[in-house]
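1. here is the input, now give the coordinates:
(chains A and B)
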Amino acid sequence: MFPSIGEKRPKMPVFTVEDCPNCGTKTKRAFKIGDYVFKEGGECAKCHSKTMISMIFAELIQVK
Amino acid sequence: MVLDIWSSLFGAPSGDFSSTVIWILSFVILTAVSFLWAPRIQSMMVLNDVKKNLQKLTVLKDKSKTEALDYLTTTCKASKEVQPRLEQTLEYFTIMPVELDPSGIVGKIEHVTRLQDDRIRDEIRRLAPQADKVQVSVAQNILEVATSLNMVFKIVRHFFIMGQKTKSIYVLIQLQMIMPIIIQEADALISAIDAFKAAQPIGDGLGPMVAGRFMLGRDPIEVERETVYTKSEYKGRNLLVMKAEGPMGTVGRPHIGLEKLVQDKTNNVSSIIMIDAALKLEGENTGEIAEGVGAAIGGIGVEKYRIEAVAVNAKIPLYAVVVKQSLIDAISVMRKEIAEASDKAVAVVQRIIEEKTKLGDTIVIIGVGNTLGVAQ
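-> A predicted model of the protein is given here:
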């Protein structure tokens, strides 16, 4: 049996999500080379604690 | 009289004798041609169709080779004269053990595939001595894509030329029937290269990502080559959480890691929970979570066999949590739906721990998959 191969994907922008373990703020930004999940991120804009990269994903942006 | 009947039956213009004769003659010739030459005409059409797809495969194969060369010279700082060696590496082959006497074949397959893996990795290190561990693993992943596409291209070309030579419609039609799937898979492989080059997590990295959540804040211990685990606690249970060592692009050796953890009697393992990405069927949703029992691990079967053997010998239940995705999603940059499913998968694992184990039990949690772009 052949499983689903899936549809050919369009070029999707990749984002990095940084979580602040202190205040729970999530920040989404464009992916940068060198990012990886569970890497220490930048400073939290709200509480200035060190953030951690929790997700890296590709997302299709719908143009309205 | 005959012409009149013919005309009334088949609609040729009546009354004009010469045009009716021409019409009948062309009908007879066309019928004869279609009877005598139909298979040949069909062969030509199929050949043409397969040829177009073969040209597309050639483009994809060449692109993968160029990408591999580019990554080695640009990122891994290999010398410009690396191309002949790279071409040679793409031609590496693995002779699978004989199956006439199946006894012990799993060990033999593991030996040969491990040798192949080591050889390609050594070759990359020789070509690019300055590359770090992550770059070597990425180069290996890209080379695997290039090697697969090279092999697919060669097999399709073989059957195409064979069909051309023999003019056998049966060979060609089989090739034509399978071509759309081959092209889709080749497209999926090519789309994986972008993720590999940027060392971004791929859909298959969902298992390591879920395991990584349970490992946060703990010091990873190396249990086997490119495989790490941490010790932690959850609601009075002891957790031994294992995954491949990230953020390298590797799947590690979870089967050997599990053997070591179970054989260590101080651990007294009572349950095993495996999390993996699973290929979905058409109609299923990407990111859908399913629970089950058994060893959730893909590959050639060696790892699955050894994990099952460990579980059976020690009478340890094996629980499986999978996240559904298509082949393209599994080897391309992780989609948002899959990344978000990791939270739900963590909750499912926690529920299994609470429902299926007792206080004081030791549970091994294994995040299965390629851990590229996912640390611990």
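
2. what is the longest helix belonging to chain B packed up against?
-> Identified as the longest helix of chain B according to DSSP state H is helix B:17-70. Contacts defined by 3 or more C-beta pairs under 8 Å, 6 or more residues apart in numbering or on different chains; DSSP states H and E place helix B:17-70 against helix B:2-10, helix B:83-90, helix B:133-166, helix B:169-197. The C-beta positions use only the backbone N, C-alpha and C, and glycine is treated the same way.

3. in a markdown table: these, plus distance to chain A, mean neighbour count and mean pLDDT.
-> As requested, the helices and strands packed on helix B:17-70 are exported to a markdown table (distance: least, C-beta to the nearest C-beta, whole Å; neighbours: other C-beta atoms under 10 Å in any protein chain shown; pLDDT from 0 to 100):
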| stretch | distance to chain A | mean neighbour count | mean pLDDT |
| --- | --- | --- | --- |
| helix B:2-10 | 46 | 12 | 63 |
| helix B:83-90 | 23 | 14 | 88 |
| helix B:133-166 | 9 | 19 | 93 |
| helix B:169-197 | 4 | 19 | 90 |
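
4. okay if I get those helices as a markdown table plus distance to residue B:32?
-> Listed next are those as a markdown table, based on distance: least, C-beta to C-beta, whole Å:
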| stretch | distance to residue B:32 |
| --- | --- |
| helix B:2-10 | 16 |
| helix B:83-90 | 50 |
| helix B:133-166 | 24 |
| helix B:169-197 | 19 |
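
5. closest to residue B:45 out of those?
-> helix B:169-197 (9.2 Å; C-beta to C-beta).

6. surely residue B:176 meets residue B:46?
-> Yes: Residue B:176 lies in contact with residue B:46 (C-beta atoms under 8 Å); the separation is 4.9 Å.

7. now the longest helix of chain B, how far from the centre of its chain.
-> Centroid separation between helix B:17-70 and its chain, computed with C-alpha atoms, centre = their mean, to the nearest Å, is 32 Å.

8. the inter-axis angle of that helix versus helix B:169-197?
-> 30 degrees (axes from the mean of the first three to the mean of the last three C-alpha atoms, to 10 degrees).

9. residues contacting the most centrally placed residue in chain B?
-> Among the residues of chain B, the one closest to the centroid is residue B:327, at 6.8 Å (C-alpha atoms, centre = their mean). Neighbouring residues of residue B:327 by C-beta atoms under 8 Å, 6 or more residues apart in numbering or on different chains: A:3-6, B:185, B:188, B:279.

10. just give the nearest non-adjacent residue to it, would you?
-> The shortest distance from residue B:327 to any non-neighbouring residue, by C-beta to C-beta, 6 or more residues apart in numbering or on different chains, is to residue A:5 (4.6 Å).
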